[in-house]
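Colleague: Structure, please.
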Amino acid sequence: MSPRLAGAHYPVAVVGGGQAGLSVSYCLRERGIEHVVVEAHRVGHEWRERRWDSFCLVTPNWQCKLPGHPYRGSDPDGFMVRDEIVRYLEEYVALFAPPLVEGVSVTGLHRTARGVFELTTTRGEFTADQVVVATGPHHTPAVPRMAERLPGPIEQIHSSRYRNPDRLPDGSVLVVGTGQSGCQIAEDLHLAGRQVHLAVGSAPRVARFYRGRDCVAWLDEMGHYAKGIDSFDDASAVRMRVNHYVTGRDGGRDIDLRAFARDGMRLYGRLTGIDEGVLEFADDLKINLDRADAVADGIKDAIDAYITAHGIQAPDEARYRPVWEPSRQSDALDLAEAGITSVVWSTGFTRDHRWIGIPAFDGRGYPMHRRGATSTPGLYFLGLPWQYSWGSGRFEAVGRDAEFLADHIDASRRLADVCGALTGAPTELAAALPVG
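Modeller: Model prediction:
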């Protein structure tokens, strides 16, 4: 039976039942801490509803390391597809039966003068001593206001609503944005024989394989993924970096935008404006392609240096040579002349924490925290990109962050018990434990 909510009080409330919320639930259960996990939809919703049909992980399966539930399948070096990811999460729920309430949205979070948290939900109000916000960073699809200037007949969707080429009307397709989603969607359309026009941004790229191994395997061995955010001089900038584009499709390969262009895809610089059906682009296509290649080469340089320093036997590999160069072209594109009938906005997401009525955010609306613990005693975040390391928002390291927060929550609870026994005081002092 699901835990009741309205009028109930819990030592810990976890908001969000994705991989982050489930991970901290597992860790809390291991420590014997009573809690509830509140999920607005159902487990796996983000993967079911916001990923296209051919979607797969860009990191190898062996990096799926949720607490107590590491990947145990037959293809550790492969890349789980969308439905396998959902099944992986469903199996996690079956493994330890978390105190999960699905189909309930938390619409408000406040803290009383006594230090107790009040949560308003679509199933009434309840309270908790401590709260973990595990809703991730991808809340609201971000579409630029210039989208309003597209002609009415053009069908436009955000990447979170893209499913497959057949769902779009016949004709050419414009994809805006070259982060991981934009590049993979452009490839999906390109492989289906659609004429694709791609507005290329500043996202970097990485090779899938180099010198006999997946680059992820090299970087993992080199300690890259365990490096904490506090070891960077520009921590705020690191947290805002765009992910490198690459794919796990068909066993994994590079995404080479130059090769797409050679084979018929039309590439442009960053989209800057729309005027009466004519698109305008910045003259930065060559710069963006060159910079993406330079990042990929820089990663290879680091791998080469590591191989040399440790005397590792690895096959030599020639460096990438560009297979296409942009020529001087018009910085404008007429939608009608190009036969473009649809636009896919691969322009990311924005955070929406307006339901949290607690001053725990900076001027950009980003949670102020150290390893997930905020300056508000008892309030934590989990599953944010670069919360502590590269894998914080991923299957690779969200479990490590969950373990850290569960330890902190447990220590706070134990101190609260001592404080209460001695003075009758609530958890204010206990929750303010320093973060290690």
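Colleague: For this protein, just list every one of the helices.
Modeller: Ranges of helices in the chain, per DSSP state H, are 19-30, 45-49, 82-96, 180-191, 215-221, 235-239, 257-262, 285-309, 335-338, 398-423, 428-431.
Colleague: Report the distance from the first one to the chain centre.
Modeller: Here the centre of mass of C-alpha atoms in helix 19-30, compared against the chain's by C-alpha atoms, centre = their mean, to the nearest Å, lies 18 Å away.
Colleague: Packing partners of that helix?
Modeller: Helix 19-30 sits against strand 9-15, strand 35-39, strand 65-66, helix 82-96, helix 398-423, with contacts defined as 3 or more C-beta pairs under 8 Å, 6 or more residues apart in numbering; DSSP states H and E. C-betas here are computed from N, CA, C, even on glycine.
Colleague: looking at those, which is buried most?
Modeller: Mean neighbour count (mean count of other C-beta atoms under 10 Å) peaks for strand 35-39 among these, with a mean of 25.
Colleague: and the angle from it to helix 398-423?
Modeller: 140 degrees (axes from the mean of the first three to the mean of the last three C-alpha atoms, to 10 degrees).
Colleague: quick check: mean pLDDT across strand 35-39?
Modeller: The predicted model assigns strand 35-39 a mean pLDDT of 98.
Colleague: what's the answer for stretch 191-203, then?
Modeller: Regarding stretch 191-203, the rounded mean pLDDT is 97.
Colleague: Quick check: end-to-end length of that stretch?
Modeller: The first and last residues of stretch 191-203 sit 22 Å apart, counting by C-alpha to C-alpha, to the nearest Å.
Colleague: Pull out the buried positions in that stretch.
Modeller: 194-201, 203 (16 or more other C-beta atoms under 10 Å).
Colleague: what does stretch 232-252 give?
Modeller: Buried positions in stretch 232-252, judged by neighbour count with 16+ other C-beta under 10 Å: 239, 243-249, 252.
Colleague: Just the closest of those to Ser231, please.
Modeller: Distance ranking of the buried residues of stretch 232-252 against Ser231, using C-beta to C-beta, places Arg239 first at 13.3 Å.
Colleague: so who does the closest residue to that closest one other than its chain neighbours touch?
Modeller: For Arg239, ignoring the flanking residues on the chain, the nearest one in space by C-beta to C-beta, 6 or more residues apart in numbering is Trp386 at 4.4 Å. Residues counted as contacts of Trp386 (C-beta atoms under 8 Å, 6 or more residues apart in numbering) are 229, 238-239, 241, 392-393.
Colleague: can I get those residues in TSV with distance to Arg291?
Modeller: What follows is the contacts of Trp386, written out as TSV (distance: C-beta to C-beta, whole Å):
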residue	distance to Arg291
Ile229	23
Val238	17
Arg239	20
Arg241	13
Ser392	25
Gly393	24
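Colleague: Show the low-confidence segments of the chain, by residue range.
Modeller: Across the chain, the ranges flagged by pLDDT under 70 are 1-3, 329-330, 419-436.
Colleague: Looking at the buried residues of stretch 191-203, which is nearest Thr272?
Modeller: Taking C-beta to C-beta as the measure, Thr272 sits nearest to Ala199 out of the buried residues of stretch 191-203, at 9.3 Å.
Colleague: shouldn't the closest one be in contact with Ile274?
Modeller: No - between Ala199 and Ile274 there is no contact under C-beta atoms under 8 Å: 11.2 Å.
Colleague: Show me what Val36 bridges to in the sheet.
Modeller: Assessed by DSSP bridges, Val36 has beta-bridge partners Ala13.
Colleague: how close does it sit to Thr135?
Modeller: Applying C-beta to C-beta, to the nearest Å, the value for Val36 to Thr135 is 15 Å.
Colleague: Kindly report the same for Arg211.
Modeller: Remark: distance between Arg211 and Thr135 (C-beta to C-beta) = 39 Å.
Colleague: These two: which is more packed in?
Modeller: Shown here are Arg211 and Thr135; by other C-beta atoms under 10 Å, Thr135 has more neighbours (27 against 16).
Colleague: just to revisit the earlier point, quick check: the farthest pair among the buried residues of stretch 232-252?
Modeller: Maximum pairwise distance among the buried residues of stretch 232-252 (C-beta to C-beta): 27.8 Å, between Arg239 and Arg249.
Colleague: Ala261 touches Tyr268, doesn't it?
Modeller: No - checked against C-beta under 8 Å, the pair Ala261 and Tyr268 is beyond contact range at 10.2 Å.
Colleague: More neighbours: which of those two?
Modeller: Taking other C-beta under 10 Å, Ala261 and Tyr268 do not tie; Tyr268 has more neighbours (24 against 20).
Colleague: Next, the contact list for the more buried one, please.
Modeller: Shown in contact with Tyr268 (C-beta under 8 Å, 6+ apart): 197-200, 279, 281, 285, 329, 331, 333.
Colleague: All good on my end, thank you.
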